[in-house]
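[1] structure for this input, please:
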Amino acid sequence: MKKKLKKVKFFDVLNILIMLLICFVMIYPIWFVIVNSFSQGTEVLKGGIYWWPRAFCLENYAAVFKNKEIFTAFGITVLKTVAGTVTSVFFTAMVAYGLSKSYLVGRKFYMVFGIITMFFSGGLIPYFLLIKSLGMLDSFWVYIIPSLFSFYNAIIFMTFFRNIPQEMEESAKIDGANDFKIFLKIILPVSGPVIATIALFNGVGQWNDYFTGVIYITNEQWLTPIQTFLYKIISENSSTRIVANMPASVRNSMVTSTTIKYATMVVTTFPIVCVYPFLQKYFVQGIMVGSVKG
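    I've put the predicted structure just below:
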């Protein structure tokens with residue numbers, strides 16, 4: 001009995017140590033960025049700032065928020081995140097509801113076709129030419145229309161819909177409701193957990209998407225989302241331009257292009273980090289849909 005207890009305790013301790021190590025590896029890079037974003041530029045250039053700012057400074061954030069482009073980028077990001085999430089969740093759920101019915105004509109073909117698209121694509125150049133031919137270059141719709149449907153998300157929806165009792169739909173049909181009305185009035189209201197899960201997937205994906213803005217937004221700078229703005233700060237000379245607009249006394253001692261990059265990272269990441277905990281419980285419920293049948 002004592003040997004079993006020792007084994008159990010050793011296993012628990014080992015698990016705790018491994019989890020602490022994983023948490024540290026995941027959390028510390030975020031902490032490092034936050035610490036350096038609140039540090040004076042000259043101190044960051046010296047190096048050695050790992051746990052706490054050597055000289056606390058808010059001028060980095062002042063420089064970021066004085067740049068009017070960041071507010072425009074924030075507005076575009078919020079708009080495309082909300083619009084893209086709502087439309088994608090609704091459209092994907094509607095398609096998945098139809099695919100969840102075994103009597104749907106051509107269902108096997110649609111499933112095979114959808115699974116193939118999960119693993120194979122035409123590539124970036126054909127996709128770019130398609131977007132161009134559809135007239136979505138330098139258009140807000142390039143953030144919405146291509147992301148309307150995800151077959152991976154549709155599979156999660158289908159698994160959930162199959163677990164909804166058929167009696168609910170049958171009683172609605174007896175009352176004269178058609179399929180679309182059943183979907184809107186019955187299926188969607190009882191699908192809260194899976195909707196929250198897919199909304200979280202889409203919301204985080206839309207918020208973090210920088211690639212679409214880099215490739216498909218070339219002339220309309222007001223359509224640049226916040227993550228593309230961050231990409232330009234890191235990879236181009238945007239941070240140097242922001243520093244150049246600061247007063248000389250601040251520029252020489254407090255703010256550098258490096259600290260501007262750190263502050264921009266924090267500003268662009270903070271909103272989605274705040275939203276995530278409120279949806280986490282629904283995420284856990286939704287992701288486990290279909291794993292156990294009650």
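[2] residue 55 and residue 31: what is the separation?
    Here the criterion is C-beta to C-beta, to the nearest Å. By it, residue 55 lies 18 Å from residue 31. For the C-beta atoms, the positions are set from N, CA and C on the backbone; glycine is no exception.
[3] whoops, residue 90 was the one
    Per C-beta to C-beta, residue 90 is found 38 Å from residue 31.
[4] before we move on, what about residue 166?
    Separation of residue 166 from residue 31 (C-beta to C-beta) stands at 51 Å.
[5] what does residue 191 give?
    Look at residue 191 and residue 31: by C-beta to C-beta, they are 37 Å apart.
[6] who's more crowded, these two?
    residue 191 (22 against 13; other C-beta atoms under 10 Å).
[7] which residues does that one contact?
    Going by C-beta atoms under 8 Å, 6 or more residues apart in numbering, residue 191 touches 93, 157, 160-161, 164.
[8] can you pick the most crowded of the residues you listed?
    residue 157 (27 neighbours).
[9] name the nearest residue to that one, ignoring sequence neighbours.
    Once flanking residues are discounted, residue 157 sits nearest to residue 96: 3.4 Å by C-beta to C-beta, 6 or more residues apart in numbering.
[10] what about the one you found, how many neighbours?
    Residue 96 is flanked by 24 other residues according to other C-beta under 10 Å.
[11] what helix or strand is it located in?
    Per DSSP states H and E, residue 96 falls inside helix 68-99.
[12] kindly provide the whole-number mean pLDDT of that helix.
    Helix 68-99 shows a mean pLDDT of 89.
[13] other SSEs contacting the next helix or strand after it?
    Downstream of helix 68-99, the next assigned helix or strand under DSSP H and E is helix 107-119. In this structure, helix 107-119 packs against helix 68-99, helix 151-162, with contacts taken as 3 or more C-beta pairs under 8 Å, 6 or more residues apart in numbering; DSSP states H and E.
[14] tell me what angle the longest one forms with helix 151-162.
    Compare the direction of helix 68-99 with that of helix 151-162 by axes from the mean of the first three to the mean of the last three C-alpha atoms, to 10 degrees and you get 50 degrees.
[15] what is helix 68-99 packed up against?
    Of the remaining helices and strands, those touching helix 68-99 by 3+ C-beta pairs under 8 Å, 6+ apart are helix 107-119, helix 151-162, helix 192-208, helix 226-235.
[16] looking at those, which is closest to residue 37?
    Checking those against residue 37 by C-beta to C-beta gives helix 226-235 as the closest, at 12.4 Å.
[17] can you pull the alpha-carbon coordinates of the closest one into PDB?
    Output of helix 226-235 as PDB, limited to C-alpha atoms (Å, rounded to 0.1, in the frame of the first residue of the first chain):
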ATOM      1  CA  ILE A 226      -4.100  45.800 -36.500                       C
ATOM      2  CA  GLN A 227      -2.100  42.600 -37.000                       C
ATOM      3  CA  THR A 228      -0.900  43.800 -40.400                       C
ATOM      4  CA  PHE A 229       0.000  47.100 -38.800                       C
ATOM      5  CA  LEU A 230       2.000  45.200 -36.200                       C
ATOM      6  CA  TYR A 231       3.700  43.200 -39.000                       C
ATOM      7  CA  LYS A 232       4.700  46.400 -40.700                       C
ATOM      8  CA  ILE A 233       6.000  47.700 -37.300                       C
ATOM      9  CA  ILE A 234       8.200  44.700 -36.800                       C
ATOM     10  CA  SER A 235       9.400  44.000 -40.400                       C
END
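[18] quick one: average confidence on that helix?
    79.
[19] pull out the buried positions in stretch 35-53.
    35-44, 49, 53 (16 or more other C-beta atoms under 10 Å).
[20] what residues are up against residue 127?
    Residue 127 makes contact with residue 121 under the criterion C-beta under 8 Å, 6+ apart.
[21] quick check: it vs residue 234, distance?
    25 Å.
[22] my read: residue 36 touches residue 50, true?
    No: Residue 36 is not in contact with residue 50 according to C-beta atoms under 8 Å; the separation is 9.2 Å.
[23] before we move on, the earlier item: and the helices and strands packed on helix 68-99: which comes nearest residue 83?
    Residue 83 sits nearest to helix 192-208 of all these, at 8.8 Å, using C-beta to C-beta.
[24] which strands and helices sit next to that closest one?
    Using 3+ C-beta pairs under 8 Å, 6+ apart as the contact test, the elements touching helix 192-208 are helix 68-99, helix 151-162, helix 226-235, helix 257-287.
[25] beyond that helix, next helix or strand please.
    helix 211-216.
[26] can you list the buried residues in that following helix?
    Residues of helix 211-216 classed as buried by neighbour count (16+ other C-beta under 10 Å): 212-214, 216.
[27] nice, that's everything, thank you.
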